[in-house]
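K.L.:
Dropping the sequence and predicted coords here.
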Amino acid sequence: MRKSSLRRACAALCAVSSLALAATACGGTTKEDVKNESTGAAVSAGKADPNAATKKGLTVGFLPKQVNNPYFTSADKGGEAALKELGSRYKEVGPSSATDTSGQVSYVNTLTQQQVDGIAVSAQDPGALCTALKQAMSNKIKVVTYDSDTNPGCRNAFVSQASAEDLGRTEVQLLAEQIGYKGEIAILSAAQTATNQNVWIDFMKKELADPKYKDVKLVKVAYGNDDAQQSFQQTQGLLQQYPNLKGIISPTTVGIKAAAQYLSGSKYKGKVKLTGLGTPNDMRTYVKNGTVDAFELWDPAKLGALAAQTAVALVSGQITGKEGETFKAGGTAYAIGKDGVISLGKPTVFDAKNIDQFDF
Ligand code: RAM
């Protein structure tokens, strides 16, 4: 066993309560204590040292929601490139289905057994991974969620693609403009448990509560489970059930592509509006053939890179994940916000005018 049971208990306590306080209470020097190479002083795990040297030769395991999803291929490639640049190693493991929660748990356990230094995970379900992630943290592994979070007590930091509120509200704004603020709309989401989509949907509902949407009615939230076929069938089902549907928001790259595929081959093409989150490469055809006017996304590779850089900064002791800490990643300064959230930036809206400038 790598650590004494006392140390495990302390580390577990550190993970569930305030990291800084618990680390002080546990005291002593642990593996993750970092030597500041300029001052030579040992830095406690509970206190960030922004001047600590960046550790090299680390291994960070990426665990996406789903490995065969082009969005995660781009994101994780970004993580791989960033780790290489930092002199560390990358590995990727993960399920092929976005609803294989127990598969994700097993992968966390495997990475813990393999004693990686950091884990970057996009959670399929906020609660399901918690015990396994706490176990990883109690084994001195730094845990970063990216793309889709778990609960704040179950990881060291969350690298968020953009403000969840902005994403939820702007998707409603985009669709409402396209349908002239009138008519029935539906949401085609990913998995029912997905933390990211559920947070965005909550903000969509808040936006819809504004009186300017009084003539817009959300009739259904459907789930395509980030599976192309299921998402296609769900879109078909929505139009059968609601023949007057005016628009669909699909906040998932798999969902929006499948919905666009269905609409573009149907009598609804150009009539039922579709927006949400998609990659420019997936959506180019449907923007050019008039199925989709505008949709949005961030650069997944930049998200993956920031997740990798955050994991390395945590292992190096430059940050602990506490609100107010700052660090530099790839030349950009980031600040850690409430609940250990680090935000990548603003999403981009893609339409016929700009889509050809993007290749991901
Ligand atoms: C899918 C996944 C992912 C989400 C994107 C927008 O690829 O559900 O978690 O962030 O869509």
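P.N.:
Ah, there it is.

K.L.:
Run through the helices of this protein in chain order.
P.N.:
5-16, 19-26, 70-85, 101-113, 130-138, 164-178, 195-208, 228-241, 253-264, 280-288, 300-316 (DSSP state H).

K.L.:
which residues of this structure score low on pLDDT?
P.N.:
1-45 (pLDDT under 70).

K.L.:
Please list the residues of it that sit near the ligand.
P.N.:
65, 69, 71, 122, 147-148, 190, 194, 196, 226, 252-254, 277 (CB under 6 Å from any ligand atom). For glycine as for every other residue, the C-beta is placed from the backbone atoms N, C-alpha and C.

K.L.:
Okay, domains of this structure per the record?
P.N.:
Using automatic domain parsing, the domain parsing of the chain gives 33-161+300-344, 164-297.

K.L.:
I'd like to know how many residues surround the residue in the stretch 1-150 of the chain that the ligand sits nearest to.
P.N.:
Across the stretch 1-150 of the chain, no residue is closer to the ligand than Y71, which sits at 3.5 Å (CB to the nearest ligand atom). Using other CB atoms under 10 Å, Y71 has 25 neighbouring residues.

K.L.:
hang on, isn't it packed against T279?
P.N.:
Yes - the criterion here is CB atoms under 8 Å, and Y71 meets it with T279 at 6.2 Å.

K.L.:
Give the residues shared as contacts by these two.
P.N.:
Among the neighbours of Y71, those also in contact with T279 (CB atoms under 8 Å, 6 or more residues apart in numbering) are T253, P300.

K.L.:
related to what we said a few turns ago, tabulate the helices of the chain (JSON lines), appending distance to G46.
P.N.:
Formatted as JSON lines, the helices of the chain follow (distance: least, CB to CB, whole Å):
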{"stretch": "helix 5-16", "distance to G46": "8"}
{"stretch": "helix 19-26", "distance to G46": "3"}
{"stretch": "helix 70-85", "distance to G46": "26"}
{"stretch": "helix 101-113", "distance to G46": "22"}
{"stretch": "helix 130-138", "distance to G46": "13"}
{"stretch": "helix 164-178", "distance to G46": "28"}
{"stretch": "helix 195-208", "distance to G46": "27"}
{"stretch": "helix 228-241", "distance to G46": "44"}
{"stretch": "helix 253-264", "distance to G46": "38"}
{"stretch": "helix 280-288", "distance to G46": "43"}
{"stretch": "helix 300-316", "distance to G46": "12"}
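
K.L.:
And these: which comes nearest K346?
P.N.:
helix 164-178 (7.2 Å; CB to CB).

K.L.:
From the rest of the structure, what touches the closest one?
P.N.:
Residues contacting helix 164-178 (CB under 8 Å, 6+ apart): 161, 185, 196, 199-204, 206-208, 212-213, 216, 247-249, 251, 273, 275-277, 293-296, 346-347, 349.

K.L.:
and it with helix 195-208, angle?
P.N.:
Here helix 164-178 runs at an angle of 50 degrees relative to helix 195-208 (axes from the mean of the first three to the mean of the last three CA atoms, to 10 degrees).

K.L.:
how about helix 164-178: buried residues?
P.N.:
Neighbour-count burial for helix 164-178 flags A164, L167, G168, R169, T170, E171, V172, Q173, L174, L175, A176, Q178 (criterion: 16 or more other CB atoms under 10 Å).

K.L.:
still on that earlier bit, most tightly packed of the helices of the chain?
P.N.:
Most buried of these by mean neighbour count (mean count of other CB atoms under 10 Å) is helix 300-316; its value is a mean of 27.

K.L.:
And that helix, what does it pack against?
P.N.:
strand 59-63, helix 70-85, strand 118-121, strand 142-146, strand 157-160, strand 326-329 (3 or more CB pairs under 8 Å, 6 or more residues apart in numbering; DSSP states H and E).

K.L.:
Dump the third one to CSV, restricted to CA.
P.N.:
This means strand 118-121. Taking C-alpha atoms only, strand 118-121 is exported to CSV below (Å, rounded to 0.1, in the frame of the first residue of the first chain):
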residue,chain,number,x,y,z
GLY,A,118,-3.7,13.6,-12.0
ILE,A,119,-7.1,12.7,-13.4
ALA,A,120,-9.1,14.9,-15.7
VAL,A,121,-12.6,13.6,-15.9
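
K.L.:
Give me the most central residue, the protein.
P.N.:
In the chain, the centroid-proximal residue (CA atoms, centre = their mean) is D147; its distance is 0.4 Å.

K.L.:
measure the spatially closest residue to it that is not a sequence neighbour to Y286 for me?
P.N.:
Closest residue in space to D147, ignoring its immediate chain neighbours: S122 at 3.9 Å, by CB to CB, 6 or more residues apart in numbering. Separation of S122 from Y286 (CB to CB, to the nearest Å): 25 Å.

K.L.:
go on, D166?
P.N.:
If you go by CB to CB, the gap between D166 and Y286 works out to 24 Å.

K.L.:
Same check on L303?
P.N.:
Distance check for L303 against Y286: by CB to CB, it reads 23 Å.
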